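A.B. asks: Model the following, please.
(one chain, ligands or ions: 1)
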Amino acid sequence: MCGIFGYIGPSAAAPLLISGLRRLEYRGYDSAGIAVINGDLDIYKKVGMVKELENILPATVKGNIGIAHTRWATHGGVTDANSHPHASEDGKVALVHNGIIENANALRNQLRKRGIVLKSETDSEVLVHMINLEYQSGAAPLTAVRRTLRRARGTWGICVIFLEHEKIICARNGSPLVIGIGEKETFIASDPHALTSHTQKVIYLEDGELAVLTAGDVKTSRNSGKIVDPTIHILDDDWGESELGDYPHYMIKEIHEQPDALRQCITGRINLSDGTGRLGGLRLSPKKLQAIPHVRLIACGTALNAALVGRLLIEKLARVPSLAHVASEFRYNDPVIDAKGLYFVVSQSGETADTLSAVKEIQTKGGTVMGVINVVGSSIARQCGAGAYIHSGPEQAVASTKAFTNMVAALTLFAIQIGRSRTLSRQNGRALVKGLREIPEQMGKYLSNQGPIMEAVEIIKEAKSVLFLGRGISSPVAREGALKLMELAYIPCLAYPSGEMKHGPIALLEEGSPVVVICPNDELKPKVLSAIHECKARGAKIILICEEGDEIAAEADVSICVPNTDPLLSPMLTVLPLQLIAYHTALELGLNVDRPRNLAKSVTVE
Ligand code: M6R
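C.D. replies: As a prediction, the model looks like this:
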């Protein structure tokens, strides 16, 4: 989604802004722009990729102060005019904005009445004109921004530059901004990933805060004017740039990174002799775990699918009622929050606006919420204050893969941990943690011999739609397979618990319809087999994900086998062929696998 980068210091700003934008490209965007103080306020913006913006930059952009933006359209079409930065009419103030100004229409009308002509359809542009009006009336830059934001409703991460001042003013409310402190130079970005090649020293701006950046110095304050003493964090080296290496795309690289990523997630979190898992960051003793009356997990997209696996495991292993919720619905359904319950939010980026809103809703109502998060220091991780990092390392492809398997692994560890505080025996706990320890190797084994993926792709690539079926713990895996194929190959996909298929989706089946069935060797297999027969009777082509050596393989048109494991651990293996099917289908169709259309890596608007 939209990205921000800014620089003030002794170096030429433009090349740094461009390289900063490149680091934000993985988030997904449709246009890009920069503004640099270079005698005048020079603004260049262009629909398309950062390299297209780079192509229109003259060599004469020499200034040392600048702001830059990648836009993912929300208000107004994908046009050069709607791209950021936006400038005041006199060209003395420029702004980039992430987030949504909810009262933009009312503010536009007020500006029009004052004779101001807006050049774009965006909500963001109103801010720059309002700031300039305050500035023209004599307010200092910080005051002009502060007064403007008091009249705005919505979410923002903004950076503003003034032609007549050597500073960048930033403000955050619901849209992340991180300040990077270098030697006599200062950076700002919406994502710490963009800062790591310049500095490891960062300040996370909090909601309701503003910052004045000068070369090598930062002053932060609240919107009320109160000065804030910022905390300096040191970024983890692991969050440096992740290179493609020999891989053609980030997605396939990240699929292959899953064995190592999983090792990172579970190392130090397994106690084999007690047969338990331990997520230390939760700070929950067995006594506390025993008292938890129910668990709720809240997330979006792939993280929601992982949460759906997690909730089944928690209920099964600990006999604690457990539910997963769609984050975008959660807050608006006015949920009852039980202060004794345990709430988890699950997120790769830790920046998803819907999930962050759910955290705030739970906290406002007195609940305890913990994060299961990948990006260290992200907004959700910091807002929760406690939780478990999943340690997948940087995930750059828009389609989430290694984060899914690590979210499932972290939630499996938690399910075992809470299970052991209750009904799960040491023996059963040991069997599970032993099985979990073997998964990375089993993943590697499968990835080095992937089975007839391309045969499955042949059946799927021209299909009008694809049905994914699974039952029990494989039902969320079916959802994940459908999500992956839909977002990458743009093929309409339906995912259903296989028993529910006959209550509706069966109507879609005709000769040749592809049906992907996930069927590990568990007690539900006979039921899934019935669903396979029902599909075959209607001419459907069955692509089956099953376990090695299982005779059910003979029932399908294409069978892809994964190594044997405990059925409760199977999602971490059965999902692998589904990721590969989505990847190779998109490639066969000539699509951009790492940056599918309309999607963003971290969805920072509601
Ligand atoms: O960063 P998050 O895990 O909170 O993101 C949630 C979803 O936006 C994300 O999983 C999305 O569905 C992915 N594109 C799936 O591949």
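
A.B. asks: Now the element after whichever helix or strand residue 478 is part of, going C-ward?
C.D. replies: Assigned by DSSP states H and E, residue 478 belongs to helix 474-489. With elements assigned by DSSP H and E, the helix or strand that comes after helix 474-489 is strand 493-497.

A.B. asks: what helices or strands is that next one leaning on?
C.D. replies: strand 466-470, helix 474-489 (3 or more C-beta pairs under 8 Å, 6 or more residues apart in numbering; DSSP states H and E). In short, each C-beta sits where N, CA and C put it, glycine included.

A.B. asks: which one of those has the most crowded surroundings?
C.D. replies: strand 466-470 (a mean of 28; mean count of other C-beta atoms under 10 Å).

A.B. asks: hmm, back to that, residue 138 is nearest to which of the helices and strands packed on strand 493-497?
C.D. replies: Closest of those to residue 138 is helix 474-489, at 50.6 Å (criterion: C-beta to C-beta).

A.B. asks: coming back round to it: make CSV out of the helices and strands packed on strand 493-497 and add distance to the ligand and mean pLDDT.
C.D. replies: Below are the helices and strands packed on strand 493-497 laid out as CSV (distance: least, C-beta to the nearest ligand atom, whole Å; pLDDT from 0 to 100):
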stretch, distance to the ligand, mean pLDDT
strand 466-470, 15, 97
helix 474-489, 6, 98
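
A.B. asks: Among those, single out whichever gets nearest to residue 189.
C.D. replies: Of the helices and strands packed on strand 493-497, nearest to residue 189 by C-beta to C-beta is helix 474-489, at 25.7 Å.

A.B. asks: Using PDB, write down the CA coordinates of the closest one.
C.D. replies: This file holds the C-alpha atoms of helix 474-489, laid out as PDB (Å, rounded to 0.1, in the frame of the first residue of the first chain):
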ATOM      1  CA  SER A 474      -7.800 -28.900   6.200                       C
ATOM      2  CA  SER A 475     -10.800 -26.600   5.700                       C
ATOM      3  CA  PRO A 476      -8.700 -23.400   6.400                       C
ATOM      4  CA  VAL A 477      -6.000 -24.900   4.200                       C
ATOM      5  CA  ALA A 478      -8.500 -25.100   1.300                       C
ATOM      6  CA  ARG A 479      -9.300 -21.400   2.000                       C
ATOM      7  CA  GLU A 480      -5.600 -20.600   1.800                       C
ATOM      8  CA  GLY A 481      -5.200 -22.400  -1.500                       C
ATOM      9  CA  ALA A 482      -8.200 -20.600  -3.000                       C
ATOM     10  CA  LEU A 483      -6.900 -17.200  -1.700                       C
ATOM     11  CA  LYS A 484      -3.400 -17.800  -3.200                       C
ATOM     12  CA  LEU A 485      -4.800 -18.900  -6.600                       C
ATOM     13  CA  MET A 486      -7.300 -16.100  -6.800                       C
ATOM     14  CA  GLU A 487      -4.900 -13.300  -5.900                       C
ATOM     15  CA  LEU A 488      -2.200 -14.500  -8.200                       C
ATOM     16  CA  ALA A 489      -4.000 -16.000 -11.200                       C
END
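
A.B. asks: Run through the neighbouring helices and strands of that helix.
C.D. replies: helix 301-318, strand 466-470, strand 493-497, strand 514-518, helix 571-588.

A.B. asks: Select, out of these, the one closest to residue 76.
C.D. replies: Using C-beta to C-beta, the nearest of these to residue 76 is helix 301-318, at 25.2 Å.

A.B. asks: Poorly predicted segments of the chain, please.
C.D. replies: 236-242 (pLDDT under 70).

A.B. asks: For it, give the helix that spans the most residues.
C.D. replies: Counting by DSSP state H, the longest helix found in the chain is helix 426-448.
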